[in-house]
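no FASTA, just this:
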């Protein structure tokens, strides 16, 4: 089990908990999964620096995942095999090869065995392995959510001019492939070493970013993001003098705000971000946290009395419906996996550092096999 334990606000205290007690039973609407691989996402580094801590503490108590917000098991997705199912699970069976994605507040997936609600689990495409498949559940769900927010689909994507900031990010790799199949005109940004990859995925035009200074991949302290401001990006966009229907922000290779990109949009264009949004709850003081906790718990109790589900913080795009769409794209042959590096659990700090670096292309995976 790969866990983050905060020590005096340090962001570097990730440990492999070999003696942690893994679940051996599942709830009535849950499945037990023997995890084979999990991807490392940028949000994992943010979670190590406190992202979502207030909501995580409240929601994990409601769902009885944990009595404390620490330690946190990392991982927002995984692949594996179902070993047990609850009595209200009807869509999945023991022995199914599955992929899983979970919201930011939930305990993570980097554990050899996890118990997870059925709604976050889909059948993995059989034509790809566990490690490679792990590049798609979380990043693919974010990509489809962004396209849905933009109102882009197969029927209307043709000839749309779309700028994908961060074409070699896990989300960017998915977006380029889908939009290429839908015949959109794709411009993307990446570092020089990633040009062959984004071109192969289907990018029409590539804006090459300036390489940042060399940074130790094992360091991921808060405020020390390996990817710095890239002034050449705005300059190159100004030289190109083109307007886009949609600009999608997928990673932290530059720290410009949306307003800097708005001048490159068409009149009815829009900017969409797949990055984790800032959470006001993370900066709440003691009294504010108490009031927020009281509100959420009362809302949950009220909805439970009405027989309604409480999914206000569930990130609705993270569900089996989205996972099944991704599986269909893979099986139809126009969505491929892009895996950069595969690490063992004891190399988790290196993996978290790598996913934030300019050297990262596609997904970084932790294997449990």
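Sure, I can see it. Model, not experiment: these values are computed from the prediction.

mind checking the longest strand of this protein?
Using DSSP state E, we find that the single longest strand of the chain is strand 30-40.

could you give the average pLDDT over that strand?
Averaging pLDDT along strand 30-40 yields 97.

can you check stretch 362-369 too?
Stretch 362-369 shows a mean pLDDT of 94.

report the buried residues of that stretch.
Judged by neighbour count using 16 or more other C-beta atoms under 10 Å, the buried positions of stretch 362-369 are 362-368. Every residue, glycine included, has its C-beta placed from N, CA and C.

from the residues you listed, which is closest to residue 138?
Within these, the smallest distance to residue 138 is 9.1 Å, found for residue 363 (C-beta to C-beta).

hey, what's the closest one bridged with?
Under the criterion DSSP bridges, residue 363 forms beta bridges with residue 339.

verify the stated contact: it with residue 340.
Yes: using C-beta atoms under 8 Å, residue 363 makes contact with residue 340 at a distance of 6.4 Å.

so where's the stretch 151-300 of the chain uncertain?
The stretch 151-300 of the chain contains residues with pLDDT under 70 at 213-231, 253-256, 282, 290, 295, 300.

now the helices for it?
170-181, 195-201, 231-240, 258-261, 286-306 (DSSP state H, counting those that start in this stretch).

contacts for the shortest one next, please.
Outside helix 258-261, the residues within contact range by C-beta atoms under 8 Å, 6 or more residues apart in numbering are 163, 165, 234, 237, 247, 249, 271, 273.

shared neighbours of residue 363 and residue 340, anything?
When C-beta under 8 Å, 6+ apart defines a contact, no residue borders residue 363 and residue 340 alike.

domains in this protein, by residue range?
2-137+281-367, 140-273 (automatic domain parsing).

return the distance of the longest one from the chain's centre.
If I follow you right, that is domain 2-137+281-367. How far domain 2-137+281-367 lies from its chain's middle: 9 Å, per C-alpha atoms, centre = their mean, to the nearest Å.

please apply the same query to stretch 128-147.
Using C-alpha atoms, centre = their mean, the offset of stretch 128-147 from its chain centre is 8 Å.

what's the end-to-end length of that stretch?
One end of stretch 128-147 sits 24 Å from the other (C-alpha to C-alpha, to the nearest Å).

in stretch 177-190, what's buried?
Buried-residue list, stretch 177-190, by 16+ other C-beta under 10 Å: 177-182, 184-190.

that older thread, looking at the helices of the stretch 151-300 of the chain, which is nearest to residue 156?
Proximity to residue 156 (C-beta to C-beta) singles out helix 170-181 among these, at 11.7 Å.

contact partners of that closest one?
Taking C-beta under 8 Å, 6+ apart as the rule, helix 170-181 contacts 39, 41, 135-136, 138-140, 142-144, 146-147, 152, 154, 157, 160, 162, 164-167, 186, 188, 190, 197-198, 201-203, 248, 250-251, 274, 329, 334-336, 338, 362-363.

tell me the angle it makes with strand 30-40.
90 degrees (axes from the mean of the first three to the mean of the last three C-alpha atoms, to 10 degrees).

how far off centre is helix 170-181?
Computed by C-alpha atoms, centre = their mean, the chain-centroid distance of helix 170-181 equals 14 Å.

i'd like the first residue to be 24 from this point on
Sure, I'll start counting at 24 from here, so that last one is helix 193-204.

follow-up on the earlier one: which one of the helices of the stretch 174-323 of the chain is the most hemmed in?
Across the helices of the stretch 174-323 of the chain, averaging neighbours per residue (mean count of other C-beta atoms under 10 Å) puts helix 193-204 on top, at a mean of 26.

tell me which residues of the longest strand of the chain are tucked away?
53-56, 58-63.

direction included, what does that strand pair against?
strand 100-108 (antiparallel), strand 136-140 (antiparallel), strand 386-390 (antiparallel).
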